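Trainee: No sequence on hand, only this structure:
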């Protein structure tokens, strides 16, 4: 399957500074090996811009080879949008922990993509990600039904309560 096999496919990337916009756009275009898919690059935006992007997305990608957490992935889950998350992120670690604690459904593990940090593995990474993207976009109904389950589980987990408690504890505040 290629981009031409799917109707109305757009690749939107948000997060370029105005100063780096032209250079970043050229990098995207030069490295995207598809005449059917033209990347749309957007500069950093407001919360409303990000919300609008999320609400029009069929899939959010977080392919980081190194990510301390991964807020964009969490935002996608909270918005009920299908997401693919690099296993090289704190968000993947949090999801795995909560699945093991039975706070999140096991199916959320399928949204975590094994991603090598080695430059020599870039082609293999691209193939792995392409397969997961294909799988998601070919069955959007299942992807969105699962995304809703993941959103509901995220809200029910109240993960932020433990996070706040840990932050306060790290700051030496033990009683609230």
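Mentor: Yep, it's here. Computed from a predicted structure; not experimentally measured.
Trainee: Would you agree residue 37 falls within a strand?
Mentor: No - counting by DSSP: H, G, I helix; E, B strand; the rest coil, residue 37 is not part of a strand but coil.
Trainee: Could you measure from residue 124 over to residue 140?
Mentor: Separation of residue 124 from residue 140 (C-beta to C-beta, to the nearest Å): 26 Å. For glycine as for every other residue, the C-beta is placed from the backbone atoms N, C-alpha and C.
Trainee: Also residue 45?
Mentor: The separation that residue 45 has from residue 140, given C-beta to C-beta, amounts to 25 Å.
Trainee: Same question for residue 103.
Mentor: 26 Å.
Trainee: cool, and residue 99?
Mentor: 23 Å.
Trainee: shaky segments in this structure?
Mentor: In the predicted model, the chain carries pLDDT under 70 at residues 1-8, 176.
Trainee: thinking again about what came up before, for residue 99 and residue 140, indicate the residue with more neighbours.
Mentor: When residue 99 and residue 140 are compared for neighbours, residue 99 comes out ahead with 17 against 14, by other C-beta atoms under 10 Å.
Trainee: Can you give me every residue that contacts that one?
Mentor: 105-106, 108-109 (C-beta atoms under 8 Å, 6 or more residues apart in numbering).
Trainee: for residue 86, same thing?
Mentor: By C-beta under 8 Å, 6+ apart, the contact set of residue 86 is 62-65, 67, 70, 92, 112-113, 115.
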